[in-house]
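Asker: Provide a 3D model corresponding to the input given below.
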Amino acid sequence: MSEKMSIKIGLFYGSSTCYTEMAGEKIRDRINSLLNTDAVSMHNIADDPISLMENYSYLILGIPTWDYGELQEDWETHWDDIDSLDLKHAKAAVYGLGDQIGYPEWFQDALGYLWSKIVNQGATTVGAWPNKGYTFEQSKALTEDETFFVGLPLDDENQLELSEGFISLWCEQILAEFDLKPL
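Answerer: Numbering: from 1, shown residues only. Below is the predicted model of the structure:
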């Protein structure tokens with residue numbers, strides 16, 4: 001079997017209003033297009049067990065931040081289950097949706113919580129994104145030096161026109177950091 005045929009990427013998301021799912025579909029389509037194969041399998045964590053994450057060497061995880069820095073309900077339901085996962089074999093990238101204007105003190109906090117959770121389970125993370133061009137007061141999703149987010153922050157509430165371009169660039173970035181070569 002060729003390397004191209006054996007690439008499997010699991011994209012897991014929780015989505016109450018479909019925006020995180022729609023972003024996931026765009027990510028899936030972009031990566032599949034770049035790799036010229038159907039490498040990405042989508043999993044709604046409301047329907048699929050998160051234990052399936054252990055079946056993938058490459059993970060993309062999507063989470064929106066709700067209200068005042070809270071987890072999305074499906075992620076919250078399975079939050080403690082993540083502690084039983086062994087992700088030492090996995091490279092993972094995270095993306096999140098949030099509202100930097102309506103909730104500037106908690107922008108993308110759930111993204112930071114999820115990143116920390118999977119790092120604690122042994123995952124190697126990729127996909128840090130510059131924090132330039134965003135207006136917010138605080139975020140739990142910033143890197144230690146606060147110049148990057150730990151993953152891709154999307155704000156479809158206030159910057160919808162930027163999301164598609166960000167997704168395209170981020171997909172190229174994470175494929176390179178996964179050491180998977182676009183064809």
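Asker: Mean pLDDT per helix and strand in the chain: which one sits at the bottom?
Answerer: In the chain, no helix or strand scores lower on mean pLDDT, DSSP states H and E than helix 3-6, which sits at a mean of 54.
Asker: Next SSE downstream of that one?
Answerer: strand 9-13 (DSSP states H and E).
Asker: Tell me the helices and strands packed up against that following strand.
Answerer: For strand 9-13, the elements it packs on are helix 19-35, strand 40-44, strand 58-66, judged by 3 or more Cβ pairs under 8 Å, 6 or more residues apart in numbering; DSSP states H and E. For the C-beta atoms, the positions are set from N, CA and C on the backbone; glycine is no exception.
Asker: Show residues contacting stretch 175-183.
Answerer: 4, 7, 9, 31, 34-36, 58, 91, 93, 126-127, 172 (Cβ atoms under 8 Å, 6 or more residues apart in numbering).
Asker: same thing but at 10 Å, please
Answerer: Identification of contacts with stretch 175-183 by Cβ atoms under 10 Å, 6 or more residues apart in numbering yields 3-4, 7, 9, 30-31, 33-37, 39, 57-60, 91-93, 124-128, 171-172, 174.
Asker: Could I have the PyMOL command that selects the buried members from those?
Answerer: Written as a PyMOL command, the selection of buried residues from those, which uses 16 or more other Cβ atoms under 10 Å, is:
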select buried, resi 7+9+30+31+34+35+37+39+58+59+60+91+92+93+125+126+127+128+171+174
